[in-house]
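Engineer: the sequence isn't on hand, but the structure is:
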């Protein structure tokens, strides 16, 4: 067995031994790490779900081409044919003024009476362009815009690309802002956890003194503490994942009470594999850093 | 001699090495070359007698199987082959000191340093421990014993160096 493997084996067995002898501080450190990673995991869950929804919306774009009132049927037919010929257009639906009113009333029930109070139906007829789903939808929407540009029967063309891009950008800002804030919080937590781990170092100060006296290298003295820190971080990260999924499933029971399908939007799907691995990895890294801060204290015990 | 403290002046030569000018990263190596026995035994409470002895070999990077074999032989050498798996709390003072001696010699150091090794033991056990030191010395290890027990020193009939107020006041060789 190589010396590195032998040392690693010793670190692990000593760390396990340490857990057995003083479970209190070790459990406290693990619970603290799990709590922090749980909050981070919830954040990742919501961002991942929102991001996935926005991505789907962007792939399922519709373009609304609003027509001028009194447009001639022949002109509308020509426009219909022109739009249908654009590559990537799945189909084109005609929405006349009556259908537009019906849809308005269905969508805005509180305002359903407003058009009736007006003398004429103010809503324009339109052509609803359904695009092939996929990342190319954005380009197709632009092509449709170019195809109808200048047509005299077109009042306005509208699609949600710009709006979705803005939401996407906001999500990116939230992600990076969250990451920056998270980094500050994680650094603070590293100090808190290292304070807890310092208790285990001090509880073993006589032992550390003996290790130094018989010629143990600093790495051999600190190794078990670092391995224990990584193990605590891994366990904390895994525990956090279980808690996040548990919380998501528990909240699913109340999804009906949350308006606007907000639950599905924010937590409809479980945390994806990538962010899950990230939570566990960050937990382990945080455990290592905390242990490293704690064992720096051991230097004071070395003489 | 273990570079726990530095002298205010002069040199401290151990096995041909000037301990005073030793860089910090060389200190573990120095300590591994010296076996040490303390008055308060300094055994790791949560490890068994065998593990305490084996720890020195672990530190030196000796393979696991070899650690066990040599630790057993060292404990057998001090008459504790029947107490391998008990922790120090279960051992008597004399037994703990013998474990500490086994730990000090298991790495076959050139120098064995014993700091008041009999200070916590009754006279009969003290003689027994000193007998062990004589055996170790007979096998080729230099044994330095620091003690206040003049009667014990007289009975050992070995080279004696007397320090008074930090200065060498007498050096004699008993036959």
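Structural biologist: Looks like it came in fine. Note that the structure is a prediction, hence the values are computed from the model and not measured.

Engineer: from here on, contacts and neighbour counts on C-alpha atoms
Structural biologist: Noted.

Engineer: got the contact list for the residue in the stretch 1-150 of chain A positioned nearest to chain B?
Structural biologist: Residue of the stretch 1-150 of chain A nearest chain B, by CA to the nearest CA: residue A:3 (6.4 Å). By CA atoms under 8 Å, 6 or more residues apart in numbering or on different chains, residue A:3 lies in contact with B:61, B:63.

Engineer: how about 10 Å then?
Structural biologist: By CA atoms under 10 Å, 6 or more residues apart in numbering or on different chains, the contact list for residue A:3 reads A:9, B:58, B:60, B:61, B:62, B:63.

Engineer: how close does it get to residue A:10?
Structural biologist: Computed with CA to CA, to the nearest Å, the distance linking residue A:3 and residue A:10 is 10 Å.

Engineer: again, but for residue B:57
Structural biologist: Distance, residue B:57 to residue A:10, using CA to CA: 12 Å.

Engineer: so what sits against both of those two?
Structural biologist: Joint contacts of residue B:57 and residue A:10 (CA under 10 Å, 6+ apart) are residue B:64.

Engineer: ok, the two, which is more surrounded?
Structural biologist: Ranked by neighbour count (other CA atoms under 10 Å in any protein chain shown), residue B:57 and residue A:10 place residue B:57 first, with 24 against 17.

Engineer: spatially nearest residue to that one (excluding sequence neighbours)?
Structural biologist: residue B:67 (5.8 Å; CA to CA, 6 or more residues apart in numbering or on different chains).

Engineer: thinking again about what came up before, need the overlap of contacts for residue A:3 and residue A:10.
Structural biologist: By CA under 10 Å, 6+ apart, the residues touching both residue A:3 and residue A:10 are residue B:58.

Engineer: the one residue in chain A that gets nearest to chain B in helix, strand or coil?
Structural biologist: For chain A, the residue closest to chain B is residue A:215, as judged by CA to the nearest CA, at 4.0 Å. Under the three-state scheme (DSSP: H, G, I helix; E, B strand; the rest coil), residue A:215 adopts coil.

Engineer: ok, it - how many residues close by?
Structural biologist: That count, for residue A:215 with other CA under 10 Å as the rule, works out to 24.

Engineer: so where do the helices sit in the stretch 1-150 of chain A?
Structural biologist: Assigned by DSSP state H, counting those that start in this stretch, the helices in the stretch 1-150 of chain A fall at A:3-21, A:23-59, A:73-84, A:97-107, A:114-117, A:137-148.

Engineer: now distance to residue A:205 too, for these, in TSV please.
Structural biologist: Shown next, in TSV, are those (distance: least, CA to CA, whole Å):
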stretch	distance to residue A:205
helix A:3-21	13
helix A:23-59	15
helix A:73-84	79
helix A:97-107	70
helix A:114-117	79
helix A:137-148	64
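
Engineer: winner for burial among these?
Structural biologist: helix A:23-59 (a mean of 20; mean count of other CA atoms under 10 Å in any protein chain shown).

Engineer: next, the angle helix A:3-21 makes with that helix.
Structural biologist: Counting by axes from the mean of the first three to the mean of the last three CA atoms, to 10 degrees, helix A:23-59 lies at 110 degrees to helix A:3-21.

Engineer: in chain B, what residue is nearest chain A?
Structural biologist: Closest point on chain B to chain A, by CA to the nearest CA, is residue B:28, at 4.0 Å.

Engineer: now do the contacts for the closest residue to that residue other than its chain neighbours.
Structural biologist: Once flanking residues are discounted, residue B:28 sits nearest to residue A:215: 4.0 Å by CA to CA, 6+ apart. Residue A:215 sits next to A:221, B:2, B:26-35, B:56, B:59-60 when contact means CA under 10 Å, 6+ apart.

Engineer: can we see that at 8 Å?
Structural biologist: Residues counted as contacts of residue A:215 (CA under 8 Å, 6+ apart) are B:27, B:28, B:29, B:30, B:31, B:32, B:56, B:59.

Engineer: phi, psi for it please.
Structural biologist: Backbone torsions of residue A:215, given as degrees, to the nearest 10, read phi 90, psi 20.

Engineer: which residues of chain B lie near chain A?
Structural biologist: Proximity of chain B to chain A (CA under 8 Å from any CA of the partner chain) is limited to residues B:2-5, B:27-32, B:35-36, B:42-44, B:56, B:59-61, B:63-64.
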